[in-house]
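**Student:** Got a predicted structure plus its sequence, pasted below:
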Amino acid sequence: MAKSVQTSIRKPISAQAVLRAVASSTAIETGQNIQQLENKLKQPSSKFASLKLAR
């Protein structure tokens, strides 16, 4: 008896999907509005502009 193996191709996760996931998770934990958190995350922030991320 031969088993059939299914392979699936995953779509890459978009930045918008990550942003939405972070906003909704934070909203659940803090009780804030998801849309407001999304808008806040979309705004550029210069708070840590001088820090360089490791590559």
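**Tutor:** Yes, it's here.
**Student:** Tell me where the model's unsure across this protein.
**Tutor:** Within the chain, the stretches with pLDDT under 70 are 1-2.
**Student:** Ala23: which element?
**Tutor:** helix 15-30 (DSSP states H and E).
**Student:** for that helix, packing partners?
**Tutor:** Other elements packing on helix 15-30 under the criterion 3 or more C-beta pairs under 8 Å, 6 or more residues apart in numbering; DSSP states H and E are helix 34-42. C-betas here are computed from N, CA, C, even on glycine.
**Student:** which residues sit against the helix it packs on?
**Tutor:** Leu19, Arg20, Val22, Ala23, Ser24, Thr26, Ala27 (C-beta atoms under 8 Å, 6 or more residues apart in numbering).
**Student:** The first one: how many residues sit nearby?
**Tutor:** This means Leu19. Here the number of neighbours of Leu19 (other C-beta atoms under 10 Å) works out to 14.
**Student:** Same question for the last one.
**Tutor:** Neighbour count of Ala27, defined by other C-beta under 10 Å: 16.
**Student:** Check the third one too.
**Tutor:** By the other C-beta under 10 Å criterion, the neighbourhood of Val22 contains 13 residues.
**Student:** How about it: what's its closest non-neighbour residue?
**Tutor:** Excluding the flanking residues, the one nearest Val22 by C-beta to C-beta, 6 or more residues apart in numbering is Leu41, at 6.6 Å.
**Student:** Look up how far Ala27 lies from the one you found.
**Tutor:** Counting by C-beta to C-beta, to the nearest Å, the separation of Leu41 from Ala27 is 11 Å.
**Student:** Likewise for Ala17?
**Tutor:** Taking C-beta to C-beta, one finds Ala17 at 16 Å from Ala27.
**Student:** and which of the contacts of helix 34-42 is nearest to Thr7?
**Tutor:** Nearest to Thr7, judged by C-beta to C-beta, of these is Arg20 at 27.7 Å.
**Student:** Count residues in the vicinity of the nearest residue to that closest one once chain neighbours are set aside, would you?
**Tutor:** Spatial nearest neighbour of Arg20, chain neighbours left out: Glu38 (6.7 Å); criterion: C-beta to C-beta, 6+ apart. Neighbourhood size, Glu38 [other C-beta under 10 Å]: 17.
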